[in-house]
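Q: The sequence and its predicted three-dimensional model are supplied below.
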Amino acid sequence: MANQATMHEKDLQKVTSSQRVVSILVKTLLYAFLSLMALIVVFPFYWMIISSLKSITEYRLPIPTLFPKEIIWHNYIEAFSAANLDRLFLNTVYVGVVSTLLSLVITVLCAFAFARLEFKGKNALFAALLGTMMIPGELFTITNFITVNNFGWIDTYTVLIVPFLVSIFYIYLLRQNFLQIPNELYLAAKVDGTSDLKYLWKVMIPLSLPTLISITILKMMGAWNSYVWPRLVTTSEEMRLITNGLRDAFTDMSGQANVPVQMAAVAIVSFPLFLVFLFLRKYIMKGVSRSGIKG
Amino acid sequence: MKKKLLALLLAAVMLVAMFATVSCGDNSSDDDDKNQPGVAAGMASYDVPAEGYDGSAVTITFYHTMGKTNQAVLETYIKEFNKLYPNITVEHSAMGGYPDLRDQIKTQLTAGAQPNIAYCYPDHVALYNVTKKVIPLDNLIGSKIEVTDALGNKTILGLTDEQLADFVEGYYKEGAAFDTLGTMYTLPMSKSTEALYYNKTFFEKNGLKVPTTWDEMEQVCEAIKKIDPNCIPLGYDSEANWFITMCEQSGSPYTSLDKKNHFIFDNETNRAFVKRFNSWYQKGYITTEEIYGSYTSGLFTATEGQRCYMVIGSTGGAKYQNPPTVDGQPLFESAMATPPQLDPANPKVISQGPSLCLFESENPQEVVASWLFMEFLTTNVEFQAAFSMETGYAPVIKSVQNNEVYKNWLSKANGYNNLTAMSVQLALSQVDAYFVSPAFNGSSTARDEVGILMKNALVKTENIDEAIAKLFKDAVGKCKFSVK
């Protein structure tokens, strides 16, 4: 029996050590894979930084160098002088902040109406709104352009902010969140004589804060990255947003771009976003996973 | 039940919307008469207001692709223009690259929100002409209505005979390449062409002769390959330019204004030159921008590794061909020549660079004011000189070459750090060799497709004849599809 027990222990030890080997192997492979993926993700940023520090001749070498032979800081100064970066920044921040705030107000009120209030045709209206999500936004570009042109909004902040204030997707997201809040809270608040708006402000918004933060971040990122619409509706350089400015400022008449200077400008523009990601990554990741879209 | 009904209703709405969209898109028969003999490509004529410019205050908008430094020159001369016409306010905007500019105006035309003046290439105007909102310039050019500027000078609204004669003929003719009537839709603004850049130091050291014909080019490439087996002797930046120029040099068809037969580049002569260049590529003699992955000036100015000793590229990009420097000293001397020809006695080089077009406006005074500004930009010697010096693009009027400042600038051309001036000298010296291709709705697709064809044909290694024939057939097919 003793002999049998020893055999079992030996078997157990064997199993444990083989499990350990497999576990180490799996972890090694996993980390190797993750490191590789991290490198792939980081590489474009690395390339942006080193390209922004190269001379144009070095940048155009047939075999690209992995580190600049001579660091050209001047590219950053030239980036500021070639593009009106401060104005572009200001415009983008203004449009981003105002459109996000207004969009939040609209989203919260609409979501509350669809989640909590009872009115005729509520479901049909909600279905119709959801139906608009089936139509790609690009299809509206020309008609929207004609509309805003008739309103005389071209080349104003209004045209950059107003047309995209309402997002059905965000309303849907928040409505679903509101629906998860138990009815009892609403009824109890009503018994206490609370108004709908007070209930929304005091109960629903605090409980849905993570979703609202996600919406804020996604909306801000959307405003920062938008390209086609601002390109179309702004005709003067004073009204341009950062994406358009970066695209326009560095290409000469022959169509060739001074890429190192352009990369320096891209690096400057990316820096605030990098900081935002650094400090708000928890919310961004939550927002991304909650909304089911990538950033 | 209610939900089912709603779902059915929504599905019906979607279907109706889809059919409506499809039927909206099917308007291909609208332009059946376009590009036919005797029919204008766009708006047929423009009635110039009898009073000409009445001095009223108007604001005109001008879209272009100028960078900041070029805009500074423009702004200086807008001030000069305003000394003559103080009531005309010119607002100008850079719209990114040429495709951005084209797309912007294309969209704005649909809403009637187009600018008054814009930089343009013939392909762009052919596209805009679909809306019939591009002003034909013939009546404005020929207008004898008297105009008095703020300084008291009396002149005519149109172009004088001297002004007309001053234009470089090849550039001016580009404005009439849209229909068989020769309706003028554009005036040239500043022009570039293609040049052969070569490493003069290397050529002199090895006793090489600068090639003037494609046969000589083949010999030179062979010789260079023997000297430096690791190099690619020649880089050609634009595959499309290469194909189109070869068609012109060969006298073989490329495209035509005949709507029923726009795309006529699939022929024996063109297949033969493509096959010839395929063999060059296989021997390692050439590369192109698309194959190399970037402008081939990167190879020309390389300080290490693989390099090339000749580049055929735009004169507008001459500054990128300046030799690299080490401790402030250029590593070699660059030089320029006319690109190789099939018949050097009858040279053909492509004409590029922006022209200007005018758009319809509700206020006729805006059109006339825009014309005055357009006329100023294209015929003012000081502006043309200053703009050429800033951009490296050739002026479009001949008298600029008599301007002292300009002459002085040209005299400083050298192959070490001032290839720009040299490129303008070359561009000016080959003005008689310029050609332009017909412009019609679909000509930009033809240009794109022959570029792709050229690139794909060069890299084929097996069943070359069949492969090239297929590439030609595919390219023509895609072009035809694009205008359906």
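A: Received the coordinates, thanks.

Q: For the residue nearest in space to the middle of chain B, name its beta-bridge partners.
A: Geometric centre of chain B, nearest residue: residue B:352, 3.4 Å, by C-alpha atoms, centre = their mean. For residue B:352, the beta-bridge partners are residue B:192 (DSSP bridges).

Q: That one contacts residue B:314, doesn't it?
A: Yes: judged on C-beta atoms under 8 Å, residue B:352 makes contact with residue B:314 at a distance of 6.6 Å. No exception for glycine: its C-beta is placed from N, CA and C like everyone else's.

Q: what's the overlap in contacts for these two?
A: Here residue B:352 and residue B:314 share the contacting residues B:192-194, scored by C-beta atoms under 8 Å, 6 or more residues apart in numbering or on different chains.

Q: could these be laid out in CSV, adding neighbour count and pLDDT?
A: Listed next are the shared contacts of residue B:352 and residue B:314 as CSV, based on neighbours: other C-beta atoms under 10 Å in any protein chain shown; pLDDT from 0 to 100:
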residue, neighbour count, pLDDT
B:192, 25, 90
B:193, 26, 90
B:194, 26, 93
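
Q: Closest one of these to chain A?
A: Comparing these against chain A with C-beta to the nearest C-beta picks out residue B:192 as the nearest, at 6.7 Å.

Q: Would you check that that closest one makes contact with residue B:314?
A: Yes: at 5.2 Å, residue B:192 and residue B:314 qualify as touching, with contact defined as C-beta under 8 Å.

Q: and the chain, what are its domains?
A: You didn't say which chain, so I picked chain A. A:2-59, A:83-249 (automatic domain parsing).

Q: Hmm, no, I was thinking of chain B.
A: B:58-189+B:353-402, B:192-351+B:416-482.

Q: Tell me the gap between the first one and the middle of its chain.
A: The chain centroid and the centroid of domain B:58-189+B:353-402 are separated by 15 Å under C-alpha atoms, centre = their mean, to the nearest Å.

Q: Please apply the same query to stretch B:212-230.
A: Using C-alpha atoms, centre = their mean, the offset of stretch B:212-230 from its chain centre is 30 Å.

Q: Tell me where the stretch 51-200 of chain A has helices.
A: A:56-59, A:74-82, A:85-116, A:122-132, A:141-151, A:157-161, A:168-179, A:183-191, A:196-199 (DSSP state H, counting those that start in this stretch).

Q: Mean neighbour count, the ones you listed: which tops it?
A: Greatest average neighbour count among the helices of the stretch 51-200 of chain A goes to helix A:56-59 (a mean of 22), per mean count of other C-beta atoms under 10 Å in any protein chain shown.

Q: distance of the residue nearest to the centre of chain B from residue B:478?
A: Counting by C-beta to C-beta, to the nearest Å, the gap from residue B:352 to residue B:478 is 23 Å.

Q: go on, residue B:410?
A: To residue B:478, residue B:410 is 43 Å away according to C-beta to C-beta.

Q: swap in residue A:175?
A: 47 Å.

Q: Between residue B:410 and residue B:478, which has more neighbouring residues?
A: Neighbours were counted for residue B:410 and for residue B:478 using other C-beta atoms under 10 Å in any protein chain shown; residue B:410 has more, 20 against 16.

Q: Provide a list of residues in contact with that one.
A: Residue B:410 makes contact with B:401, B:421, B:424-425, according to C-beta under 8 Å, 6+ apart.

Q: give me the number of residues near residue A:21?
A: What residue A:21 shows, counting by other C-beta under 10 Å, is a neighbour count of 10.

Q: Regarding stretch B:413-424, how distant is the last residue from the first?
A: For stretch B:413-424, the separation between the terminal residues is 9 Å (C-alpha to C-alpha, to the nearest Å).

Q: neighbouring contacts of that stretch?
A: B:192, B:195, B:197, B:200, B:315-316, B:318-319, B:321-323, B:330, B:333-336, B:388-389, B:392-394, B:409-410, B:412, B:425.

Q: quick one: that stretch to chain centroid distance?
A: Distance, centroid of stretch B:413-424 to centroid of chain: 22 Å (C-alpha atoms, centre = their mean).

Q: buried stuff in it?
A: B:413, B:415, B:418-424 (16 or more other C-beta atoms under 10 Å in any protein chain shown).

Q: Tell me the residues of chain A that contact chain B?
A: For chain A, the contact set with chain B under C-beta under 8 Å from any C-beta of the partner chain comprises A:56-57, A:60-63, A:81-82, A:124, A:127-128, A:131, A:134, A:141-142, A:145-146, A:149-150, A:154, A:231-232, A:235-237, A:244, A:247-256.

Q: In the stretch 101-250 of chain B, what residue spans correspond to strands?
A: B:117-120, B:146-148, B:154-156, B:187-188, B:192-199, B:234-236 (DSSP state E, counting those that start in this stretch).

Q: Who does the last one pair with, and is each partner parallel or antiparallel?
A: Right, the one you point to is strand B:234-236. By DSSP bridges, strand B:234-236 pairs with strand B:286-288 (parallel), strand B:310-314 (parallel).

Q: tell me which strands and helices the helix or strand just after the shortest one is in contact with?
A: Spelled out, that is strand B:286-288. Next in sequence after strand B:286-288, counting helices and strands by DSSP states H and E, comes helix B:289-292. The contact analysis (3 or more C-beta pairs under 8 Å, 6 or more residues apart in numbering or on different chains; DSSP states H and E) places helix B:289-292 against strand B:234-236, helix B:443-458.
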